[in-house]
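> Turn this into a structure:
(2 chains, ligands or ions: 2)
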Amino acid sequence: MAEDTRAELSIIYALVEDRPGVLFKVTSLIRRRGFNIETITVGSTEKERVSRITITTRGDARIVEQLIKQLDKIPEVMKIGELDLNDTVFRELAILKVSAQDSAKRQDIYNYISIFRAKVVDVSKDSLIIEIVGNPKKITAFLDLMKGYGIIELARTGIVALPRGGKAGHD
Amino acid sequence: MRLSGARAVVESLKKEKVEVIFGIPGGSTIPLYDALYETSKDSGIRHILARHEQCAAHMADGYARAKGVPGVCTATSGPGATNLITGLAVAYMDSSAVVAITGQVPRQMIGKDAFQEADIVGIATPITKYAIQVNSASAISETIRTAFLLASTNRHGPVVVDIPKDVMYEEVDMDYAENVKIGGYTVRSGEPHPYSIKRALGLMIGSERPLIISGGGVIASKASEELIRLAELMMAPVATTLMGKGSIPENHPLSLGMVGMHGKGEANIAAEEADLIIAVGMRFNDRTIGKMDRFGMNAKIIHIDIDPAEIGKNIRADVPIVADAKKALSTITARLSEMGSKRGESEWTKRIRSLKESFVENYKRENKGMSPGRLMKILRDVIPKSAIVTTGVGQNQMWAALHFEVLEAGTFITSGGLGAMGFGFPASLGAKVACPGRHVFNIDGDGSFIMTEQDLATAVSESIPTVTIVMDNRVLGMVRQWQCMFCEERYSSIDLGKVPDFVKLAEAYGAEGVRVETYSEFEKAVRKGLKTELPLVIDVPIAMDEKVLPMVPPGKSLKEVVWFG
Ligand SMILES: Cc1cc2nc3c(=O)[nH]c(=O)nc-3n(C[C@H](O)[C@H](O)[C@H](O)COP(=O)(O)OP(=O)(O)OC[C@H]3O[C@@H](n4cnc5c(N)ncnc54)[C@H](O)[C@@H]3O)c2cc1C
Ligand SMILES: Cc1ncc(C[n+]2csc(CCOP(=O)(O)OP(=O)(O)O)c2C)c(N)n1
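Ligands and ions are numbered 1, 2, ... in the order given. Got it, this is the predicted structure:
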């Protein structure tokens, strides 16, 4: 799921009734209709039996609209829409294992970690595990820097997002 | 009341007023069949034993389309369930309300590759409106209510309910859920938004050359009356998709017949010349619109559809109206009448009339042997307008589409979206079971009929007398036509040879068969079909060089009609 910069990022949220197979239904539809997505995340919400699915994609507005309308036809989907990027908090988490054998490099890495407000969560003789949370652009920028030191393994979660403001829901 | 899960299934079906189930039993549905046996005296549910589950699904589909209520089929786990798939896919593509109940291996065996296990929910999900497994007997009634609700509201479609065998044995307190809630699914009011109506009226009033294209949604919504009213108020000709065929009686002066790849020349040219296209309950399928970026280039488009996802899916609409066709059309016609805008003859109506007249002779062209067009006309003249006609897939289907005039909405039943050969015959059986008082004729191809012909056994055993007219060209005719027109006559694997003898085939099943060699023999056979108490197969030899014409070659725009192949 390499990041693509061709088209504007769209973030779609869906609140779904948590029934068996609902994630399968969502992904099956995305595949079947040939939509391209960048990330998809699923998790619980403040409500019992309701999950939040967050999908990011890059496509023109018409494709995004079709994706939303088609997903909306899945009966378990209770609410779905696109989030306004200017009015949305969105975050991703990445953990990465970086090779850090000599101490000079290790020092450099620590500097970057502090600039990016990342965190070291595990240390071994010749590597570090770093956790970074934030806007995916920031994560990508950090990863680009880390590439120079050797990323041994990487895991990104995909994006979760909520609209700003006090009210629940997305009206 | 304590009862078994299987019995709860039957009780739930009774609540849904199900009268007929089409199916074949097997290991995992033994409890269900036991419950059907137990209740057979008083449940009022008739079980029709099909000979192939694909046919059971097509029968349920034919039943649903003929009667306007969900059709029900059932199959055992594994192969029984997978055999349903083509039938479910047909129902999905044509938005038909079919409910399929499948058996499944017991819960603790699911995922273990147990005997006759198939992940039918997984397999069916992309080709159904909904597929669900019931995980406890207490969920049965609610799930079945949900299945019928989903199948028969908003845009109709097939639903699979998969029930593990042990759930059917589990005891449960039966209380039928009337109000079920699933996720965000709501039954739409179908009322059009006033603003979109206002904009549509603006376009309508401003147009000089309006054309209505009416689709399957008009038939589903029973909106023919409103459609005709709109056409007459606007003096707008009406073309239909294959699925919309008959939504306006095809002998109506404003009817243009089918538009599209195999549509009528006048309908296709009208679609190119119109300055306003009012598309109702249709989904701009590639067979309908020809070259996509050329379609409606000179026209504004109003698109009325109950499914918001259809708006803008294939063709941009200038004015989208998300609504039930009947409600939208009646609102529009009421407003037009209020405004007193009833139109009369115009340049456009004259143009349409002259287009139609100019092609009359083209349709009458005949080659050696019996002409499919003329056979269709004879059939039309002989059978009552309430008779239901089903079709196979291929040339036979397109000859029916071009030359058999449908005069009542809902009397033409065909596999349009999937185009599944083998649909016509079992669908005719389902339609006949739904409407025993009406005549049902299946116009079929020899290749198509062979795919599901074994259900003649069902027709005979269950006394379902439909008439199948085999347009017997001994080839996979539609494929051959393409090979002739687009592969320089390199005929590859389209020859069906000399077998079978359809008369003997019918007789082997205890049905009747006749072979006809002339128009008058054909007419006689059709008349016999009106009186027959046995299923009847009429074998009609057709020259293999007969083509479906006119035709718009693939990738061409609608006005590039080819009349002679
Ligand atoms: C060999 C072959 C050749 C074919 N050639 C042609 C051809 O030349 N021309 C042609 O048109 N087709 C042709 N077809 C059929 C084609 O494949 C499609 O099945 C057909 O065009 C779809 O018809 P439709 O657009 O009316 O939509 P349908 O599939 O009938 O869908 C109905 C539409 O109406 C909507 N709807 C449902 N209920 C309502 C309601 N209550 N109110 C409002 N809207 C509703 C649905 O959301 C949907 O968009 C051919 C098929 C075969 C097999
Ligand atoms: C199940 C299935 N298999 C293959 C096809 C591809 N196909 C479309 S038309 C056609 C020929 C149909 O032959 P027949 O039923 O004899 O009808 P004809 O065209 O000769 O009238 C074929 C093979 C199909 N539509 N459905």
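
> Quick one: name the residues of the stretch 251-400 of chain B near chain A.
B:307, B:308, B:309, B:311, B:312, B:313 (CB under 8 Å from any CB of the partner chain). Every residue, glycine included, has its C-beta placed from N, CA and C.

> go again using 7 Å as the cut-off
Neighbours of chain A within the stretch 251-400 of chain B, by CB under 7 Å from any CB of the partner chain: B:308, B:309, B:312, B:313.

> what about the helices in the stretch 251-400 of chain B?
B:265-273, B:286-289, B:325-338, B:347-364, B:372-382, B:395-403 (DSSP state H, counting those that start in this stretch).

> ok, is the fifth one in contact with ligand 2 or not?
No: with CB under 6 Å from any ligand atom as the measure, helix B:372-382 is seen stopping short of ligand 2, the closest distance being 8.6 Å.

> between that helix and helix B:395-403, how many degrees?
60 degrees (axes from the mean of the first three to the mean of the last three CA atoms, to 10 degrees).

> So which elements touch helix B:372-382?
If contacts are counted by 3 or more CB pairs under 7 Å, 6 or more residues apart in numbering or on different chains; DSSP states H and E, helix B:372-382 sits against helix B:395-403, helix B:519-531.

> and the next element down the chain from the last one?
This means helix B:519-531. strand B:536-541 (DSSP states H and E).

> now that following strand, how far from the chain's geometric center?
23 Å (CA atoms, centre = their mean, to the nearest Å).

> So in that sheet, which strands flank it, and in what orientation?
As defined by DSSP bridges, the strand partners of strand B:536-541 come to strand B:467-472 (parallel), strand B:512-515 (parallel).

> near chain B, which residues of chain A show up?
A:16-17, A:21, A:24-25, A:28, A:32, A:62, A:65-66, A:69-70, A:73, A:75-79.

> who touches stretch B:1-8?
B:31-32, B:34-35, B:137, B:140-141, B:167-174 (CB atoms under 7 Å, 6 or more residues apart in numbering or on different chains).

> Then stretch B:524-536?
Residues contacting stretch B:524-536 (CB under 7 Å, 6+ apart): B:378-379, B:382-383, B:439, B:441, B:456, B:459-460, B:464-467, B:511-512, B:514, B:516, B:538.

> 8 Å instead?
B:378-379, B:382-383, B:439, B:441, B:456, B:459-460, B:463-469, B:506, B:509-514, B:516, B:538 (CB atoms under 8 Å, 6 or more residues apart in numbering or on different chains).

> Mark which of these are buried, thanks.
B:378-379, B:382-383, B:439, B:441, B:456, B:459-460, B:464-469, B:506, B:509, B:511-514, B:516, B:538 (16 or more other CB atoms under 10 Å in any protein chain shown).

> Just give me the closest of the contacts of stretch B:1-8 to residue B:45.
residue B:35 (10.1 Å; CB to CB).

> so where does that closest one fall, helix or strand?
helix B:30-38.

> Next secondary structure after that helix?
By DSSP H and E, the next helix or strand past helix B:30-38 is strand B:46-49.

> Could you check that next one and say which residues are buried?
Residues B:47, B:48 are the ones in strand B:46-49 that count as buried (16+ other CB under 10 Å).

> For it, which helices and strands make contact with it?
The helices and strands touching strand B:46-49, judged by 3 or more CB pairs under 8 Å, 6 or more residues apart in numbering or on different chains; DSSP states H and E, are strand B:20-23, helix B:456-461.

> Deepest in the core, which of the helices of the stretch 251-400 of chain B is it.
helix B:395-403 (a mean of 26; mean count of other CB atoms under 10 Å in any protein chain shown).

> partners of the helix or strand following that one, with directions?
Reading on from helix B:395-403 to the C-terminus, the next helix or strand found by DSSP H and E is strand B:412-413. Paired neighbours of strand B:412-413 in the sheet (DSSP bridges): strand B:388-391 (parallel).

> where along chain A do the strands fall?
A:9-17, A:39-44, A:50-58, A:77-83, A:88-99, A:119-123, A:127-134, A:151-163 (DSSP state E).

> So which other helices or strands are in contact with the last one?
Under the contact criterion of 3+ CB pairs under 8 Å, 6+ apart, the helices and strands touching strand A:151-163 comprise strand A:9-17, strand A:39-44, strand A:50-58, strand A:88-99, helix A:136-147.

> can you rerun that using 10 Å?
Strand A:151-163 is packed against strand A:9-17, strand A:39-44, strand A:50-58, strand A:77-83, strand A:88-99, strand A:127-134, helix A:136-147, with contacts defined by 3 or more CB pairs under 10 Å, 6 or more residues apart in numbering or on different chains; DSSP states H and E.

> What are the buried residues along it?
Neighbour-count burial for strand A:151-163 flags A:156, A:158, A:159, A:160, A:161, A:163 (criterion: 16+ other CB under 10 Å).

> Residue in chain A with the shortest distance to ligand 2?
Here the residue of chain A nearest ligand 2 is residue A:32; by CB to the nearest ligand atom that distance is 20.1 Å.

> Surely that residue and residue A:71 touch.
No: using CB atoms under 10 Å, residue A:32 makes no contact with residue A:71, being 11.7 Å away.

> who has more neighbours, those two?
Legend: neighbour count by other CB atoms under 10 Å in any protein chain shown for residue A:32 and residue A:71, higher for residue A:71 (22 against 12).

> still on that earlier bit, contacting residues for the residue of chain A closest to ligand 2?
Going by CB atoms under 10 Å, 6 or more residues apart in numbering or on different chains, residue A:32 touches A:70, B:125, B:126, B:127.

> Residue B:86 reaches residue B:420, doesn't it?
Yes: Residue B:86 sits in contact with residue B:420 when judged by CB under 10 Å, with a separation of 5.5 Å.

> Show the model's pLDDT score for the residue of chain A found nearest ligand 1.
Residue nearest to ligand 1 within chain A (CB to the nearest ligand atom): residue A:73, separated by 10.2 Å. With respect to pLDDT, residue A:73 has a value of 97.

> domain parsing for chain A?
A:9-83, A:89-160 (automatic domain parsing).

> Now residue B:349: closest residue in space, sequence neighbours ignored.
residue B:235 (5.3 Å; CB to CB, 6 or more residues apart in numbering or on different chains).

> before we move on, what about residue B:300?
residue B:318 (4.5 Å).

> what sits against the one you found?
B:199, B:200, B:203, B:276, B:277, B:296, B:299, B:300, B:301, B:302, B:303.

> shaky segments in chain A?
A:1-6, A:167-171 (pLDDT under 70).

> again, only this time at 80
A:1-7, A:166-171 (pLDDT under 80).

> Tell me how many other residues crowd whatever residue of the stretch 251-400 of chain B ends up closest to ligand 2.
For the stretch 251-400 of chain B, the nearest residue to ligand 2 under the criterion CB to the nearest ligand atom is residue B:394, separated by 2.4 Å. Counted with other CB under 10 Å, residues neighbouring residue B:394 total 25.

> Go through the contacts of residue B:318 and say which is closest to chain A.
Distance to chain A, by CB to the nearest CB, is smallest for residue B:303 among these, at 13.5 Å.

> now the residue of the stretch 251-400 of chain B closest to ligand 2, nearest residue through space, not along the chain?
residue B:478 (3.7 Å).

> Which of the three states applies to the one you found?
helix (DSSP: H, G, I helix; E, B strand; the rest coil).

> And for it, the neighbour number?
24.

> Mind pulling up the pLDDT for it?
98.

> who's in contact with it?
Contacts of residue B:478 (CB under 10 Å, 6+ apart): B:262, B:392-398, B:419, B:421, B:445, B:447-448, B:494, B:547-548.

> quick one on the thing from earlier: will you turn the helices and strands packed on helix B:372-382 into TSV that also has mean pLDDT?
Formatted as TSV, the helices and strands packed on helix B:372-382 follow (pLDDT from 0 to 100):
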stretch	mean pLDDT
helix B:395-403	98
helix B:519-531	98
